[in-house]
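A.B. asks: got a predicted structure plus its sequence, pasted below:
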Amino acid sequence: MSALLTLAAFAFGIWLMVEGAEKFTEGLLRSSVRFGIATFVLGYLVSGIDLENLAVGVVAVSHGQPGISMGTVIGSAIFLLLFAVGLTAVIHPLRARVPRRLLLLTLLSPIPLLLLGRDGIISRSDGLALLVLALLLIGYVLYTARTDPLLQVKERKLAKEHRERPAWWAAALVVGGTVAIMVGAELFSRSVEGILAWLGWSGTRFGMLVVAAAVSAEEVPRMLAPARRGHAGISIGNILGTIMFFALFNAGVIALAHPIVLAPTTLSFYWPVMFGSLLLVTALLWRGEIARPAGVLLLSSYAGFALLAATI
């Protein structure tokens, strides 16, 4: 692919992801009104599931590239927490309150991955354990959504923002938006690979930096769209849900497909960066806001991480 086509694919991929995220968000809000589901829960469970990320991880480990597969788990989590959340907050600050026990559970969710990987491998039995923990946490989130006042949907406020449409319209928006995001992410991924492959990186470093950014690029428009429309609960639900899915669900499914052999730097460097990033974002969300100065701090931290990772 020529340089001009690569740049065109890069720009068109971003446009598709932004437009898809707008439609996806509208579909979520309409679903929230129709079914009485808290927007946070929709963001947590629907936005948190990253099928493209999971597919890349499974394919990579099945082809003997465990560093790439872990890039879709740990590297993508770092990209989300520092770059995607930081850029979103700089453009539009995130303000919403969520139950603090969910913040704490999300903060704890990467720890099983560390404990199970101390022997240098995530086995199939380890993967099953991670998957079971993910399902238990999802069940607890659904239970909390039914009992915690902070997660009760404000139906009147949401209903005023949308005209009546057929029952299938919300589902069509979610599906269409998802397809647009995935197609856009694919174009973005291919163009980024064409641009950054000149660096000649491979293995774990390539997975943690290049692949993680490529397969998680849609997280920026996915969080920014609802935040700009005054529904930061979806954005924050997306943050917490995605981290849980990456660290437990995705890692579990990938390990079930094929045991993951871990490079030494995976747990000695990349996991601590991920956990430290999550700790910082959790502290900000504990206060109920990620403002623009905090966004700048997160972006600066990602730049520092990328520079350091490029040297190890």
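C.D. replies: Now that the structure is in, tell me what you want to look at. Worth saying up front: this structure is predicted, and the values here are computed from it rather than measured.

A.B. asks: what sits up against the helix or strand hosting residue 273?
C.D. replies: Following DSSP states H and E, one finds residue 273 within helix 271-286. For helix 271-286, contacts defined as Cβ atoms under 8 Å, 6 or more residues apart in numbering pick out 74, 77-78, 81-82, 85, 98, 100, 103-104, 106-107, 110-111, 113-114, 236, 239, 243, 290, 294, 297-298, 301, 305. Any C-beta I mention is one placed from the backbone N, CA and C, and that applies to glycine too.

A.B. asks: now do that helix, average pLDDT.
C.D. replies: Helix 271-286 carries an average pLDDT of 95.

A.B. asks: with stretch 58-73 instead?
C.D. replies: 83.

A.B. asks: do stretch 136-143 as well
C.D. replies: On average, the pLDDT along stretch 136-143 is 84.

A.B. asks: check the offset of the helix or strand where residue 112 lies from the chain's centre.
C.D. replies: Assigned by DSSP H and E, residue 112 belongs to helix 111-116. Taking Cα atoms, centre = their mean, to the nearest Å, the mean C-alpha location of helix 111-116 is offset from the chain mean by 19 Å.

A.B. asks: same question, stretch 209-226
C.D. replies: A distance of 7 Å separates the C-alpha centroid of stretch 209-226 from that of its chain, computed with Cα atoms, centre = their mean.

A.B. asks: likewise stretch 60-78?
C.D. replies: On Cα atoms, centre = their mean, the centre of stretch 60-78 falls 14 Å from the chain's centre.

A.B. asks: for that stretch, buried residues please.
C.D. replies: By neighbour count on 16 or more other Cβ atoms under 10 Å, the buried set for stretch 60-78 is 60-61, 65-78.

A.B. asks: dump the helix holding residue 273 to CSV, keeping only the CA atoms.
C.D. replies: The C-alpha atoms that make up helix 271-286 are tabulated as CSV, following Å, rounded to 0.1, in the frame of the first residue of the first chain:
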residue,chain,number,x,y,z
TRP,A,271,1.6,-5.4,34.2
PRO,A,272,2.8,-2.9,36.9
VAL,A,273,2.3,0.0,34.4
MET,A,274,-1.2,-1.2,33.7
PHE,A,275,-2.0,-1.5,37.4
GLY,A,276,-0.5,1.9,38.2
SER,A,277,-2.5,3.4,35.4
LEU,A,278,-5.7,1.8,36.7
LEU,A,279,-4.9,3.0,40.2
LEU,A,280,-4.5,6.6,39.0
VAL,A,281,-7.8,6.5,37.0
THR,A,282,-9.6,4.9,39.9
ALA,A,283,-8.4,7.7,42.2
LEU,A,284,-9.7,10.3,39.8
LEU,A,285,-13.1,8.5,39.4
TRP,A,286,-13.3,8.2,43.1
